[in-house]
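Trainee: what's the 3D shape of this:
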Amino acid sequence: MKRVALVLALGLFTGAGFATSARAHESRPLYIEVTEKAPLVFAVRWKIPPTVDVRNAPEVTMAGGCVSATENAGGVRRGSVRYRTYRCETDPAGTALQIRYPLFNPSVSALVRISRRSGEKHSLLASPEKVEVVIPETESFASVARDYLTLGVQHILEGYDHLLFLVCLMLIAGTGRRIFITITGFTIAHSITLALSALGLIHVPVPPVEAAIALSIVFLAVEIVRGDKNSLTYRYPIAVASTFGLLHGFGFAAVLGETGLPQTEIPSALFFFNLGVELGQIIFVLAVIAAYQLVRFAARASANYDLSIDTLRPLQTPAAYAVGILGSFWMIQRIATFWTS
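Mentor: Numbering: from 1, shown residues only. Purely as a prediction, here's the structure:
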């Protein structure tokens, strides 16, 4: 009985293995390349997966005023690869690339790579049930400006470490004029390293940068607790902000590294991402000042009590301790990733 059970188990295991192998084999996608060879002239090349029967080989066609310039209506055939050239009346961006199987849809996904003469490239993955893939719009100044401006604002408003650093700078700077000068120094500094890193001129590993950013928060928290008005930090906050700004710029560049820069609008993308970061900083600083003024007004109206800066000064030290603890936690957490990343 044991031997029968072992044989049955082996059979089930082998069958499962064949089933898994078959599924893995069938997961190979239909590979399609669309290359712009000349203005409005596109070469379409597609490779048929080995699991698709040759009698059910797909035809890939361009729509939207594009006409095949290949003599053979079925395209040029070289084994499992097909070729066809199209001439288009207008740019095909926004039109559909059509995939048609003569017998039935074998439920394979399609990997589409599109290369434009400008250097712009797109990679698209269509699910098995889709028989049309929309060719993306070409990169334009307006679209890049919109997307990267939004990305910059979103990143700074979601970057709690950067925002906490700004709060510490505001506490150290004190007056409105000094806050403006300090934030400006921080902005100029991180703009420099952001551009250098995003363009690949300087490469700094991301984990140490993130840990150092957390350390910069701890440093400012310690300075606030010490409260030494004669220290370099309090006398020249712009110098500290600029120094650490260079560091924070590498952190901002890491976001662009994950997102990528458009091939045709790199200067615009850098400019508007940085502009978005600055806009986010301004929104945050104004929101903090507005919140303080609102609370101060409410205290005057309800309790006839003035919550001036001097009145809130005793809360500064415990708040700085809390910031320092949080910054230390982030720093230790990020240092721990050195051995796991």
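
Trainee: ok, the closest residue in space to residue 38 that isn't next to it in sequence to residue 144 distance?
Mentor: Counting by Cβ to Cβ, 6 or more residues apart in numbering, residue 117 is the residue found nearest to residue 38 once chain neighbours are left out, at 7.5 Å. To be clear about C-beta, it is placed using only N, CA and C from the backbone, and glycine gets the same treatment. Using Cβ to Cβ, to the nearest Å, one obtains 18 Å as the distance from residue 117 to residue 144.

Trainee: how many residues are close by the residue nearest to residue 38?
Mentor: For residue 117, the neighbour count with other Cβ atoms under 10 Å is 11.

Trainee: before we move on, what about residue 188?
Mentor: Around residue 188 there are 15 other residues, counting by other Cβ under 10 Å.

Trainee: all strands of this structure, in order?
Mentor: Residue ranges of the strands in the chain, as given by DSSP state E, are 30-38, 41-47, 59-62, 66-68, 76-78, 81-88, 96-100, 110-115, 121-126, 132-134.

Trainee: can you list the domain ranges for the protein.
Mentor: According to automatic domain parsing, the chain comprises the domains 29-134, 141-339.

Trainee: want to throw these into CSV with mean pLDDT?
Mentor: Listed next are the domains of the chain as CSV, based on pLDDT from 0 to 100:
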stretch, mean pLDDT
domain 29-134, 85
domain 141-339, 87
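
Trainee: re the thing from before, how about the residue nearest to residue 38, what does it touch?
Mentor: For residue 117, the contacting residues are 36, 37, 38, 39, taking Cβ atoms under 8 Å, 6 or more residues apart in numbering as the criterion.

Trainee: for it, phi and psi?
Mentor: Main-chain dihedrals, residue 117, degrees, to the nearest 10: phi -60, psi -30.

Trainee: quick one, which of the domains of the chain is packed in tightest?
Mentor: Per-stretch averages of neighbours, counted by mean count of other Cβ atoms under 10 Å, single out domain 141-339 among the domains of the chain, with a mean of 17.

Trainee: gap between the two ends of it?
Mentor: End-to-end span of domain 141-339 (Cα to Cα, to the nearest Å): 41 Å.

Trainee: now do stretch 109-129
Mentor: Taking Cα to Cα as the measure, stretch 109-129 stretches 8 Å from start to finish.

Trainee: name the single longest helix found in the chain.
Mentor: In the chain, taking DSSP state H as the definition, the longest helix is helix 266-303.

Trainee: include distance to residue 244 when you put the strands of the chain into a markdown table, please.
Mentor: Rendered in a markdown table, the data for the strands of the chain read as follows (distance: least, Cβ to Cβ, whole Å):
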| stretch | distance to residue 244 |
| --- | --- |
| strand 30-38 | 45 |
| strand 41-47 | 49 |
| strand 59-62 | 52 |
| strand 66-68 | 54 |
| strand 76-78 | 58 |
| strand 81-88 | 52 |
| strand 96-100 | 49 |
| strand 110-115 | 41 |
| strand 121-126 | 36 |
| strand 132-134 | 45 |
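
Trainee: who wins for proximity to residue 247 among these?
Mentor: With respect to residue 247, and counting by Cβ to Cβ, the nearest of those is strand 121-126 at 32.1 Å.

Trainee: could you dump the closest one to CSV, C-alpha only?
Mentor: Coordinates of each C-alpha in strand 121-126 appear next as CSV, following Å, rounded to 0.1, in the frame of the first residue of the first chain:
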residue,chain,number,x,y,z
LYS,A,121,10.6,54.9,-25.8
HIS,A,122,7.5,53.2,-24.4
SER,A,123,7.0,49.7,-23.0
LEU,A,124,3.4,48.4,-22.7
LEU,A,125,2.1,45.1,-21.5
ALA,A,126,-1.4,44.1,-22.7
